[in-house]
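Peer 1: Requesting a structural model of the entry that follows:
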Amino acid sequence: MYSPSTPFLTVTATLLAGSALSFKTGLEDGLICNVCVGTHPGCGETGFDYRWYWGKMCPRYNDKCVKLIERKGADVMVTRDCLSNLEAFRTDIPADKYEGCRPASKDVKLGQHVYNKIEELDVYRNHYDNTTFCFCDFDHWCNGAPSSFCGIWCLVAFAIFLVQLY
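Peer 2: Numbering: from 1, shown residues only. Below you'll find the predicted structure:
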């Protein structure tokens, strides 16, 4: 017969095993990229919160991380993902995919034979004034935002405080 604590132990073991398997060390075979959309909290242009988005392994061998920045006036939409995931539905990816930021290419065949009266569908992809693709592939999690100064130094200061406390 099962003891009353058996379901608790099973759930605890499952949660620990799941969190251990989802932890990324950076020693994996592929490139790890941040994956999020600007409508999610903590996924802004400069205010990226790595605690919410742990990163995903890119599916292709020689993949790149992409930060897609789309601007219309003061509104900014940021999308972070692997290049192989964006290539499936984006036709305005620049031909030069080397490290750095480039403006989107113009697709002249996009929406060529479409006569649509509904403006919200954006079949011509002209809603945003400025679209920029930023590519990187030399570091894991390279499509994040600039790191804050306090991040590691606050952790070190807290550790020193705890050592001196005890």
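Peer 1: Please, where are all the helices along this protein?
Peer 2: Using DSSP state H, the helices of the chain run over 6-22, 83-86, 150-165.
Peer 1: mean pLDDT lowest for which of these?
Peer 2: For those, mean pLDDT drops lowest on helix 6-22, to a mean of 48.
Peer 1: Would you mind writing the CA trace of stretch 64-80 as CSV?
Peer 2: Below are the C-alpha coordinates for stretch 64-80, written out as CSV (Å, rounded to 0.1, in the frame of the first residue of the first chain):
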residue,chain,number,x,y,z
LYS,A,64,21.9,32.5,-36.0
CYS,A,65,20.1,34.4,-33.3
VAL,A,66,17.9,37.2,-34.6
LYS,A,67,16.5,40.3,-32.9
LEU,A,68,13.9,41.8,-35.1
ILE,A,69,13.1,45.5,-34.3
GLU,A,70,10.0,47.0,-35.9
ARG,A,71,9.2,50.7,-35.4
LYS,A,72,6.2,52.9,-36.2
GLY,A,73,6.5,56.3,-34.6
ALA,A,74,7.1,55.7,-30.9
ASP,A,75,5.7,52.1,-30.9
VAL,A,76,8.4,49.4,-31.0
MET,A,77,7.9,45.7,-31.5
VAL,A,78,10.8,43.4,-30.7
THR,A,79,10.9,39.7,-31.7
ARG,A,80,13.8,37.5,-30.6
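Peer 1: quick one: buried residues of it?
Peer 2: 64, 65, 66, 67, 68, 69, 70, 77, 78, 79, 80 (16 or more other Cβ atoms under 10 Å). Heads up, the C-betas are built off the backbone N, CA and C, glycines and all.
Peer 1: where does this structure dip in pLDDT?
Peer 2: Along the chain, segments meeting pLDDT under 70 span 1-28, 124, 145-155, 157.
Peer 1: Show me where it has its strands.
Peer 2: Under the criterion DSSP state E, strands of the chain are mapped to 32-33, 36-37, 56-57, 65-72, 75-82, 100-103, 130-136.
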